[in-house]
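*Asks:* Just a sequence and a predicted model for now, questions to come.
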Amino acid sequence: MKIVLQRTLEASVEIDNQTIGQINHGFLLLVGVSDDDTQQDIDYLVRKITQLRVFEDEQGRLNLNINEVAGQILSVSQFTLFADTKKGNRPSFTKAGSPDFAKMMYNKFNTSLQNTGLYVATGQFGEDMKISLVNDGPVTIIFDTHDK
(Lines give C-alpha, C1' and ligand atoms only; values in the text may rest on other atoms or scores of the structure.)
Protein backbone atom coordinates (compact mmCIF):
# COMPACT_ATOMS: atom_id res chain seq x y z
CA MET A 1 0.00 0.00 0.00
CA LYS A 2 1.04 3.55 -0.61
CA ILE A 3 -0.29 6.53 1.31
CA VAL A 4 0.36 10.22 0.93
CA LEU A 5 -0.50 11.90 4.24
CA GLN A 6 -1.01 15.64 4.39
CA ARG A 7 -1.59 17.48 7.64
CA THR A 8 -4.55 19.77 7.11
CA LEU A 9 -6.45 22.55 8.78
CA GLU A 10 -9.50 21.37 6.84
CA ALA A 11 -10.25 19.10 3.89
CA SER A 12 -13.24 17.93 1.90
CA VAL A 13 -14.14 15.72 -1.04
CA GLU A 14 -16.95 16.34 -3.53
CA ILE A 15 -18.69 14.27 -6.17
CA ASP A 16 -20.95 16.08 -8.64
CA ASN A 17 -20.78 19.29 -6.57
CA GLN A 18 -21.95 17.53 -3.39
CA THR A 19 -19.66 17.25 -0.38
CA ILE A 20 -19.48 13.59 0.65
CA GLY A 21 -16.67 13.84 3.22
CA GLN A 22 -15.29 16.70 5.27
CA ILE A 23 -12.94 17.17 8.22
CA ASN A 24 -11.51 19.91 10.34
CA HIS A 25 -7.84 19.66 11.33
CA GLY A 26 -6.13 16.31 10.92
CA PHE A 27 -4.93 14.24 7.97
CA LEU A 28 -5.91 13.91 4.36
CA LEU A 29 -4.87 10.42 3.27
CA LEU A 30 -4.51 9.48 -0.39
CA VAL A 31 -4.61 5.66 -0.34
CA GLY A 32 -3.32 3.35 -3.06
CA VAL A 33 -3.60 -0.45 -2.98
CA SER A 34 -1.70 -3.12 -4.93
CA ASP A 35 -2.73 -6.75 -5.35
CA ASP A 36 -0.05 -8.05 -2.99
CA ASP A 37 -1.13 -5.93 0.00
CA THR A 38 -2.27 -7.73 3.15
CA GLN A 39 -3.99 -7.16 6.48
CA GLN A 40 -0.48 -6.82 7.95
CA ASP A 41 0.08 -3.80 5.70
CA ILE A 42 -3.16 -2.25 6.94
CA ASP A 43 -2.22 -2.89 10.57
CA TYR A 44 1.24 -1.38 10.03
CA LEU A 45 -0.16 1.76 8.38
CA VAL A 46 -2.88 2.29 10.97
CA ARG A 47 -0.29 2.05 13.74
CA LYS A 48 2.15 4.41 11.98
CA ILE A 49 -0.51 6.98 11.07
CA THR A 50 -2.24 7.09 14.46
CA GLN A 51 1.07 7.33 16.34
CA LEU A 52 2.78 9.76 13.95
CA ARG A 53 3.90 12.79 15.96
CA VAL A 54 3.50 15.69 13.54
CA PHE A 55 1.34 18.10 15.54
CA GLU A 56 2.88 20.88 17.59
CA ASP A 57 3.07 20.81 21.38
CA GLU A 58 3.19 23.89 23.62
CA GLN A 59 6.85 24.48 22.71
CA GLY A 60 6.12 24.36 18.97
CA ARG A 61 7.75 20.96 18.50
CA LEU A 62 6.20 18.25 16.34
CA ASN A 63 5.56 16.01 19.31
CA LEU A 64 1.82 15.17 19.36
CA ASN A 65 -0.14 12.53 17.45
CA ILE A 66 -3.58 12.88 15.88
CA ASN A 67 -5.38 11.49 18.93
CA GLU A 68 -3.71 14.00 21.23
CA VAL A 69 -5.05 16.93 19.18
CA ALA A 70 -8.52 15.43 18.55
CA GLY A 71 -7.74 15.36 14.83
CA GLN A 72 -9.82 13.79 12.09
CA ILE A 73 -9.03 11.84 8.93
CA LEU A 74 -10.28 12.18 5.36
CA SER A 75 -9.34 9.02 3.45
CA VAL A 76 -9.53 9.04 -0.36
CA SER A 77 -8.73 6.12 -2.67
CA GLN A 78 -5.99 6.98 -5.16
CA PHE A 79 -4.92 4.24 -7.59
CA THR A 80 -2.70 6.72 -9.42
CA LEU A 81 -0.14 6.42 -6.61
CA PHE A 82 0.96 3.27 -8.44
CA ALA A 83 1.59 5.08 -11.74
CA ASP A 84 4.60 3.81 -13.67
CA THR A 85 6.08 6.65 -15.72
CA LYS A 86 9.30 4.97 -16.87
CA LYS A 87 8.24 4.49 -20.49
CA GLY A 88 6.59 7.08 -22.70
CA ASN A 89 4.37 9.92 -21.59
CA ARG A 90 1.25 8.02 -20.61
CA PRO A 91 1.46 6.47 -17.14
CA SER A 92 0.75 2.79 -16.72
CA PHE A 93 -1.37 1.70 -13.76
CA THR A 94 -0.79 -2.06 -13.99
CA LYS A 95 0.80 -2.09 -10.52
CA ALA A 96 -2.40 -0.76 -8.93
CA GLY A 97 -4.65 -3.34 -7.33
CA SER A 98 -7.58 -4.84 -9.19
CA PRO A 99 -10.70 -2.77 -8.46
CA ASP A 100 -12.53 -5.40 -6.35
CA PHE A 101 -9.49 -6.20 -4.22
CA ALA A 102 -8.44 -2.56 -3.87
CA LYS A 103 -11.95 -1.53 -2.79
CA MET A 104 -12.06 -4.28 -0.17
CA MET A 105 -8.63 -3.30 1.21
CA TYR A 106 -9.49 0.42 1.18
CA ASN A 107 -12.67 -0.28 3.16
CA LYS A 108 -10.80 -2.52 5.63
CA PHE A 109 -8.17 0.19 6.08
CA ASN A 110 -10.84 2.82 6.83
CA THR A 111 -12.63 0.50 9.25
CA SER A 112 -9.34 -0.20 11.05
CA LEU A 113 -8.74 3.55 11.41
CA GLN A 114 -12.28 4.04 12.74
CA ASN A 115 -11.75 1.21 15.24
CA THR A 116 -9.01 3.32 16.88
CA GLY A 117 -11.68 5.86 17.84
CA LEU A 118 -10.80 8.44 15.21
CA TYR A 119 -13.40 10.22 13.10
CA VAL A 120 -12.82 9.05 9.52
CA ALA A 121 -14.57 10.60 6.54
CA THR A 122 -14.06 9.02 3.13
CA GLY A 123 -14.30 9.60 -0.55
CA GLN A 124 -16.13 7.11 -2.75
CA PHE A 125 -14.02 4.39 -4.31
CA GLY A 126 -13.78 4.54 -8.10
CA GLU A 127 -15.51 7.91 -8.49
CA ASP A 128 -14.24 11.14 -10.01
CA MET A 129 -13.70 13.27 -6.92
CA LYS A 130 -12.70 16.86 -6.26
CA ILE A 131 -10.54 17.29 -3.18
CA SER A 132 -10.05 20.57 -1.35
CA LEU A 133 -7.65 21.12 1.50
CA VAL A 134 -5.87 23.75 3.47
CA ASN A 135 -2.46 22.18 3.95
CA ASP A 136 -1.01 22.82 7.41
CA GLY A 137 2.72 23.39 7.51
CA PRO A 138 2.87 22.02 4.94
CA VAL A 139 3.53 18.59 6.37
CA THR A 140 3.44 15.79 3.79
CA ILE A 141 4.58 12.23 4.58
CA ILE A 142 4.70 9.28 2.18
CA PHE A 143 4.22 5.69 3.36
CA ASP A 144 4.98 2.67 1.20
CA THR A 145 4.55 -0.75 2.79
CA HIS A 146 6.97 -2.20 0.25
CA ASP A 147 9.69 -0.07 1.91
CA LYS A 148 8.95 -0.66 5.61
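*Replies:* Done, it's in. Residues are numbered from 1 along each chain as shown.

*Asks:* what bridges to the residue most central in space within the chain?
*Replies:* Per C-alpha atoms, centre = their mean, the C-alpha nearest to the average position across the chain is that of residue 29, at 1.9 Å. On the basis of DSSP bridges, residue 29 is bridged to residue 5, residue 75.

*Asks:* The protein: strands as residue ranges?
*Replies:* 2-15, 18-23, 26-32, 55-56, 62-64, 72-77, 119-122, 130-144 (DSSP state E).

*Asks:* Nearest to residue 48, out of the ones you listed?
*Replies:* strand 130-144 (6.3 Å; C-beta to C-beta). Bear in mind the C-beta positions are built from the backbone N, C-alpha and C, glycine included.

*Asks:* who touches residue 29 in this structure?
*Replies:* 3, 4, 5, 49, 73, 74, 75, 76 (C-beta atoms under 8 Å, 6 or more residues apart in numbering).

*Asks:* Highest neighbour count among those residues?
*Replies:* residue 74 (27 neighbours; other C-beta atoms under 10 Å).

*Asks:* Please report the distance of that residue from residue 13.
*Replies:* Relative to residue 13, residue 74 is positioned 6 Å away (C-beta to C-beta, to the nearest Å).

*Asks:* likewise residue 98?
*Replies:* For residue 98 relative to residue 13 (C-beta to C-beta), the value is 23 Å.
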